[in-house]
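Chemist: make a model of this:
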Amino acid sequence: DFSLRYPLVDGQGNFGSIDGDPPAAMRYTEVRMKKITQELLADIEKNTVNFVPNYDGSLQMPEVLPAKFPNLLVNGGSGIAVGMATNLPPHNLNEVLEGIIHFIRYPKASLEDIMKFIPGPDFPTGGYIFGLQGIKDAYRTGRGIIYLRAKAMIERGGKNERDRIVVTEIPYQVNKSRLLEHIANLVNSKKIEGIADIRDESDREGMRAVIEVKRGELPEIILNNLYKHTALQTSFGIIMLAIVEKQPKVLTLLEVMRYFISHRQDVVRRRTRYELKRAELRAHILEGLTIALDNLDKIISLIRSSRTVDAARNGLITSFHLTKIQAQSILDLQLQKLTRMEREKIQSEYKELKKTISKLKKILGSEELILDIIVDELKQIKEDYQDERKTEI
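Modeler: A predicted model of the protein is given here:
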């Protein structure tokens, strides 16, 4: 994809192109979530994040997603408002996750340590990044300028053939069609000389823009002039501005990672509490069912003699010291569940639930275990979605 490093939707139809072609009308397009998007929504149903009303109060929407990976770093983002702007570059998922895992294991790690794992941005269109100082400035202060350069190679022509400059990757957010048009205008106005022909040979296999050089001209000099006067080389101003506790804040790389880890700790903690509550409720119901199976004849007699459901429920609560939830679960029980085999199933399930409850309580009582869970989940995402870096530094 030419826009997002890791697209979150799988589209069918025309969604535009790197040449600036407009997307088709929405009646001609279809989308579905990509598998990686599920990692941003995982466990949202387990009370892991707060929900707030939408703009007209008709729906509830999450305040933030319980994302398993930092989409802010991985896909970046840009926006502008009154008096402020944000422009975060995308990064390689594998590198970001490696950096976060290291930061969890070594919380006092320096920026230099983290940059061994996250050397710089990774753009979907590839190309080169020049200016390591700009990357360091951005990661250290939240602001910096990096320079992006197209990936171009010189193909030597044979006998009776011209040398060619072949562009296979261009800087991020550069329109290929406009770029070639601009080069043609520079040639026509004689601001750049030595170019005989320009053509776009791009196809489904990838980008290939060919610039033929006149005989006797040095393609290296022409390429340098193209870098100087066209969008074959551009700058990217990094502003790592994000909303932190409902306030805009320019963040360093370490701060972004620290906030993400804190967010994941909160998500895992809330998820564990939710699962513990569910497990304890189920165990409570099973305890009631065990009492029912131990006093089966008395309970059946009590239910049969009761005139209403409420009377039966109150009778169970009074006679067998059950809670309302336990009494209702007994009333909901089907007769076929009252066999010896079902008793064994209930006892087996109850035994497993007690183990689960003990494990969940142990997790809630240990920040170290919570961090271990986060690391394991990051490793799994890395294994499922890792890919090679596209932009060379």
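Chemist: got the domain boundaries for this protein?
Modeler: 9-145+243-264, 151-231, 273-365 (the TED database).
Chemist: and the end-to-end length of the last one?
Modeler: If I follow you right, that is domain 273-365. 11 Å (Cα to Cα, to the nearest Å).
Chemist: quick one: average pLDDT of the helix or strand encompassing residue 345?
Modeler: Assigned by DSSP states H and E, residue 345 belongs to helix 340-364. For helix 340-364, mean pLDDT rounds to 92.
Chemist: got it, and stretch 205-217?
Modeler: Rounded mean pLDDT across stretch 205-217 is 92.
Chemist: how long is it from one end to the other?
Modeler: 30 Å.
Chemist: flag every buried residue along it.
Modeler: Residues 207, 209-213 are the ones in stretch 205-217 that count as buried (16 or more other Cβ atoms under 10 Å). The C-beta positions use only the backbone N, C-alpha and C, and glycine is treated the same way.
Chemist: stretch 113-131 now?
Modeler: Neighbour counts over stretch 113-131 (16+ other Cβ under 10 Å) mark 114-115, 117-129, 131 as buried.
Chemist: repeat for stretch 235-248
Modeler: Neighbour-count burial for stretch 235-248 [16+ other Cβ under 10 Å]: 236, 238-242.
Chemist: do you know the pLDDT at the residue sitting nearest the centre point of the chain?
Modeler: For the chain, the residue nearest the mean C-alpha position is residue 71 (4.1 Å; Cα atoms, centre = their mean). pLDDT for residue 71: 97.
Chemist: what about the spatially closest residue to it that is not a sequence neighbour, helix or strand, and which?
Modeler: Spatial nearest neighbour of residue 71, chain neighbours left out: residue 40 (6.1 Å); criterion: Cβ to Cβ, 6 or more residues apart in numbering. Counting by DSSP H and E, the element that carries residue 40 is helix 35-41.
Chemist: next one: that helix to chain centre, how far?
Modeler: Here the centre of helix 35-41 is set off from its chain's centre by 6 Å, with Cα atoms, centre = their mean, to the nearest Å.
Chemist: ok, now stretch 131-151?
Modeler: 23 Å.
Chemist: can you check stretch 279-299 too?
Modeler: For stretch 279-299, the distance to the chain centre is 43 Å (Cα atoms, centre = their mean).
Chemist: CA atoms of that stretch as PDB?
Modeler: C-alpha atoms of stretch 279-299 as PDB (Å, rounded to 0.1, in the frame of the first residue of the first chain):
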ATOM      1  CA  ALA A 279     -14.900 -17.300  36.800                       C
ATOM      2  CA  GLU A 280     -16.000 -16.600  40.400                       C
ATOM      3  CA  LEU A 281     -19.600 -16.200  39.300                       C
ATOM      4  CA  ARG A 282     -19.500 -19.500  37.400                       C
ATOM      5  CA  ALA A 283     -17.900 -21.200  40.400                       C
ATOM      6  CA  HIS A 284     -20.600 -19.800  42.600                       C
ATOM      7  CA  ILE A 285     -23.300 -21.200  40.300                       C
ATOM      8  CA  LEU A 286     -21.600 -24.600  40.200                       C
ATOM      9  CA  GLU A 287     -21.500 -24.700  44.000                       C
ATOM     10  CA  GLY A 288     -25.300 -24.200  44.000                       C
ATOM     11  CA  LEU A 289     -25.700 -26.900  41.400                       C
ATOM     12  CA  THR A 290     -23.600 -29.300  43.500                       C
ATOM     13  CA  ILE A 291     -26.000 -28.600  46.500                       C
ATOM     14  CA  ALA A 292     -28.900 -29.300  44.200                       C
ATOM     15  CA  LEU A 293     -27.500 -32.600  43.100                       C
ATOM     16  CA  ASP A 294     -26.800 -33.600  46.700                       C
ATOM     17  CA  ASN A 295     -30.500 -32.800  47.700                       C
ATOM     18  CA  LEU A 296     -32.200 -33.700  44.400                       C
ATOM     19  CA  ASP A 297     -35.400 -35.300  45.700                       C
ATOM     20  CA  LYS A 298     -36.000 -32.600  48.300                       C
ATOM     21  CA  ILE A 299     -35.500 -29.900  45.700                       C
END
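Chemist: thanks a lot, catch you later.
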